[in-house]
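# Need a 3D model of the following:
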Amino acid sequence: MTSHDPISLTTVSAGFIQDWLDALKSRCTPQAMASLLERSGLQTIPMVPTQRVTLKEIATLYQLAAAETGDEMMGLWSRPIRPRALQHLLTVQREASSLVSALFRFSTFWNLLLDDFRLELRNSYEEVELSLIPCSPDTEPQRFGHMLILKLAHGLLSWLGGSETSVKEIRFAFARPHFAADYAVVFPCPVAFGAQHTSILFDPRHFDRPITRSPAEASVFLQRAPLDWIFTSSRAHTNSLRVRAFLYGATWQSCQLPDAAHALKMTPRTLNRRLKEEGTSFQDIKDALRRDIAIRALQQGTDSIEQIAFDTGFSAPSNFHRAFHKWTNRTPGSYRL
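Predicted structure coming up:
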């Protein structure tokens with residue numbers, strides 16, 4: 001269906017990054033904020049929850065904002081994180097003797113910088129848990145900030161070990177948000193909400209890989225951040241992502257529920273039920289893939305809207321226009337770079 005890799009095509013809802021945008025406003029003038037959004041390819045007017053944000057837009061905003069605000073965590077924590085802090089973190093991580101040691105160094109590093117939370121590492125035979133503990137009972141969790149620091153821990157361990165590190169579970173100390181489904185493309189595991197503390201849990205049996213990263217590789221990692229680690233490459237931890245992965249390799253004519261069920265070795269009825277339990281449906285997943293393929297093609301700007309409509313399975317451009325506006329609350333033309 002598409003030659004693009006699954007990760008680069010993935011999008012998240014506008015609601016997923018709204019806490020980040022709100023935090024950024026505390027570090028920017030309105031003019032600077034508008035400039036950051038425009039150069040990142042995002043709208044300067046308030047976004048509605050149905051709008052989509054691409055990996056490229058997130059990475060561009062991250063890189064621009066971290067450099068121009070003088071805060072590498074872009075307002076997500078009460079104290080600004082000064083430039084080059086993450087570079088020092090990578091140096092400390094590379095010199096660790098093991099992945100468990102690297103995670104300990106990660107927690108120690110952030111405990112020197114953060115005022116509102118402390119990181120606590122619990123290491124046992126059964127699991128390794130890294131938790132964010134508020135320094136005051138009145139401290140409210142910043143949803144994007146909590147996600148980002150857990151993902152940074154996971155991303156660094158994956159990079160140090162040479163492949164994506166397995167995660168047992170993510171727990172967030174905030175209520176389930178309306179964009180909860182977006183966490184499935186960030187973390188390769190179940191995600192729970194309303195926990196006592198935000199935490200990431202690992203199986204220590206996956207921590208036996210050696211650390212062999214060079215300074216040159218660390219430099220590339222920093223230059224590309226967060227392109228290489230913000231979204232997970234796993235597609236096995238939810239049925240909806242397994243269906244989406246199947247659809248990548250199919251044609252529109254064969255993209256039917258029975259075909260997906262057969263590929264996933266279950267009956268159509270069982271697949272339908274499991275997707276419903278995840279709050280989605282086969283058609284929703286199919287439409288989301290068509291939407292993301294269309295967004296990528298529109299941003300690349302090489303194909304006409306008529307060609308993109310045909311490539312995403314529409315018989316007429318007018319049908320594509322209506323569906324695209326329903327999916328994103330924007331016109332196809334507004335995604336042209």
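# how many neighbours does residue 146 have?
Counted with other C-beta atoms under 10 Å, the neighbours of residue 146 add up to 21. To be clear about C-beta, it is placed using only N, CA and C from the backbone, and glycine gets the same treatment.
# I meant residue 262, not that one.
Neighbours around residue 262, by other C-beta under 10 Å: 14.
# and the strand or helix carrying it, what does it pack onto?
Residue 262 belongs to helix 257-263 when assigned by DSSP states H and E. Using 3 or more C-beta pairs under 8 Å, 6 or more residues apart in numbering; DSSP states H and E, the elements in contact with helix 257-263 are helix 239-248, helix 268-277.
# Any idea which of those gets closest to residue 77?
The closest of the helices and strands packed on helix 257-263 to residue 77 is helix 239-248. By C-beta to C-beta, the value is 30.5 Å.
# Now do that closest one: everything it contacts.
Residues outside helix 239-248 that contact it (C-beta atoms under 8 Å, 6 or more residues apart in numbering) are 1-2, 6, 181, 184-185, 234-236, 255, 259-260, 263-264, 271, 274-275, 278, 280, 282, 285-286, 288-289.
# Measure how far that helix is from the centre of its chain, please.
17 Å (C-alpha atoms, centre = their mean, to the nearest Å).
# Checking residue 47 next. Helix, strand or coil?
For residue 47, the secondary-structure state derived from DSSP: H, G, I helix; E, B strand; the rest coil is coil.
# My guess is it contacts residue 14. True?
Yes: A contact is recorded between residue 47 and residue 14 when judged using C-beta atoms under 8 Å, the distance being 3.8 Å.
# Need the residues touching each of those two.
Shared contacts of residue 47 and residue 14, defined by C-beta under 8 Å, 6+ apart, are not found at any residue.
# ok, of the contacts of helix 239-248, which come out buried?
1-2, 6, 181, 184-185, 234-235, 255, 259-260, 263-264, 271, 274-275, 278, 280, 282, 285-286, 288-289 (16 or more other C-beta atoms under 10 Å).
# How about residue 65: what's its closest non-neighbour residue?
By the measure of C-beta to C-beta, 6 or more residues apart in numbering, the closest residue to residue 65 outside its immediate chain neighbours is residue 74, 4.6 Å from it.
# Which parts of the stretch 1-150 of the chain are strands?
Ranges of strands in the stretch 1-150 of the chain, per DSSP state E, counting those that start in this stretch, are 11-13, 52-54, 117-123, 128-134.
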